[in-house]
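S.K.: The following comprises the amino acid sequence and a computationally predicted model.
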Amino acid sequence: MSKTIDVNSDEFQAELEKTWRFVEKVDKQFGFVQNPDDEVNEGVAMGLARNRLMYGKRYCPCFIVQGETEEERKAANNRICPCKPALEKEIPEDGLCHCGIFCTPEYAEAKAKENSAQEVAHTHSRGLSQEEAEMLVHKEQLDSDEIEALLEARDLGMVKFSLIDVREPMEYEMVHIVGTDELLPTSQFYDWVNKIQNRKDENLILYCHTGSRSFQVQQILKQQGFKHVGNFTRGIISYTGEMEQGKY
């Protein structure tokens, strides 16, 4: 069973402070800056602090930590922040690491301008037809606009699906998509997956922070015979629809 982390505990808050100092140290060492989206930074920092308390190391919170023991986790080559793929490929090529907390100054400046423009401009789609909704709900990889359109279609009774958050309770409490039906944390995957084996014919759509954990869960569920499992490809950090805070 996974260790339960109380985000309001003195232990977690102390570890979170250490994590922010760690992030600042990495920024200074490599010339990085933090993401202009504070929610991205807060979510990643909390995930790093959580993993440090659970596993003793700051494993990347955007990936499933594999291995029950320290030796197994080391053999599994789990990402430890700042991870090698981020330093050698993701940041040089994309301007930010996979989780999004470490960015180049150039990326951060461009992203800040983009965020500012999005606040000014707001677009609306015409909405889906019945046929389009039924086709879209079976798509394996979905973007923000498609998630929003499906939620609207579901409200109109045009399609049925369950929107499932596979992040951790503290992430859900901080912010989640309005319309989320269930919280099934990735860290507790083997605790809950057997309980949903009778839902293999249902339409399920998964999301997490950046789309990595939900993609991994999607692949496992597909291997187990779940027929219609969609993944929010870029995760909640790319969502432009309505979001809210609160406990599940």
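M.R.: Structure's in. What do you need? Numbers count the residues shown, from 1 in each chain.
S.K.: show me where pLDDT drops low in the chain?
M.R.: Scanning the chain for pLDDT under 70 picks out the ranges 1-3, 114-127.
S.K.: can you give me the strands in it?
M.R.: In the chain, the strands defined using DSSP state E lie at 33-34, 102-103, 141-142, 162-165, 176-177, 182-183, 203-207, 228-232, 243-244.
S.K.: Could you identify which of those is most buried?
M.R.: Most buried of the strands of the chain, by mean neighbour count (mean count of other CB atoms under 10 Å): strand 102-103, with a mean of 26. (Glycine included, C-beta is placed from N, CA and C.)
S.K.: I figured C99 hits R213, correct?
M.R.: No: between C99 and R213 no contact is recorded; they are 10.8 Å apart, counting by CB atoms under 8 Å.
S.K.: Can you give the domain ranges for the chain?
M.R.: According to automatic domain parsing, the chain comprises the domains 10-120, 130-244.
S.K.: Out of the strands of the chain, flag the one nearest L16.
M.R.: Proximity to L16 (CB to CB) singles out strand 33-34 among the strands of the chain, at 14.8 Å.
S.K.: can you list contacts of the closest one?
M.R.: With contact meaning CB atoms under 8 Å, 6 or more residues apart in numbering, strand 33-34 is reached by 23, 27, 41, 101-105, 108.
S.K.: Selecting buried members of those in PyMOL, what would you type?
M.R.: Selecting the buried subset of the contacts of strand 33-34 in PyMOL, with 16 or more other CB atoms under 10 Å as the burial test, is done by:
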select buried, resi 23+27+41+101+102+103+104+108
